[in-house]
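>>> What follows is a predicted structure for the sequence shown.
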Amino acid sequence: MRAVMRIPELAQRDRFVRRAVLLRGVWAVVGEDGLGRVASPSGGNREVTLFWSNELEAARWSEVIAKNPRVKKIPTNEFITDILPKLAELGRMVGVDWTSAPLEVELDPKDLDIRLRHACVEMFLQRARSDRSVWMLEDADGPALLVAKLHAGRLMLPCWGSRAEAEQRIEGPWAKMLAVEIPLTNFVSTTLPWLKQQDWLVAPGHAPGGSTVEIEPGELARRIEPEAFAISA
């Protein structure tokens, strides 16, 4: 992989990230040996596992990179929390949106993980502003909470921009919880100040894993509606 990516490569990477979050998935080729991959064109005896944000492009490559291939859509949440960590453990790179053009973008799985999570936060902000609401999980004991990974001793509140995203997390310890819609005004004027009082954090667009984006409540309030709200971080 090049030490410094060129502008066309950066553009292709960023387009892949945006589409992966917007479409809530990426496409891969699955064959007899698992996910389709090739030897890295940049050398180093590394393999590159390929993914696309366009199903047709994945299908075009299917016969080239796998035996008995099929094209599979991988949900973005699964891609972040399961596929990328496994590729990092295997020491593989990630190739995104390869086409017949001579532009073969290779990314470190950990770097792509971080970029996707931050893109999920931006999507959360867009949906929250558009729908004027935020979704959380709750039961009789209150909202779902998690132990912060990057801030020792603190809790954080996961929240999402849509019902579908929240309901995807109703499993395991949260299996009996319900997805609850909070009007955006209430979320910013009541929920976030309450989190600040507790010295807790907020995890918008939360997906499991070590690279979770953890934000101070005041910072999230400013990012949602910077002109209308001002909560001291």
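Received, thanks. Numbers count the residues shown, from 1 in each chain.
>>> what residues go with each domain of the protein?
7-107, 117-224 (automatic domain parsing).
>>> mean confidence for the longest one?
Spelled out, that is domain 117-224. Taken as a whole, domain 117-224 carries a mean pLDDT of 93.
>>> is it possible to export the domains of the chain to CSV including mean neighbour count?
To be clear about C-beta, it is placed using only N, CA and C from the backbone, and glycine gets the same treatment. Converted to CSV, these look like this (neighbours: other C-beta atoms under 10 Å):
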stretch, mean neighbour count
domain 7-107, 17
domain 117-224, 17
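>>> in the chain, which spans are strands?
With strands called from DSSP state E, the chain shows them at 25-31, 34-35, 37-39, 47-52, 70-75, 93-96, 106-107, 133-139, 142-143, 146-147, 155-159, 178-183, 201-204.
>>> So which of these is nearest E171?
Closest of these to E171 is strand 133-139, at 10.4 Å (criterion: C-beta to C-beta).
>>> one step back: of the strands of the chain, which is nearest F124?
Comparing the strands of the chain under C-beta to C-beta, the one sitting nearest is strand 201-204, at 4.2 Å.
>>> Can you list the neighbours in contact with that closest one?
Strand 201-204 is contacted by residues 120-121, 124-125, 128, 146, 148, 151, 154-161, 192, 195, 212-217, 220 when judged by C-beta atoms under 8 Å, 6 or more residues apart in numbering.
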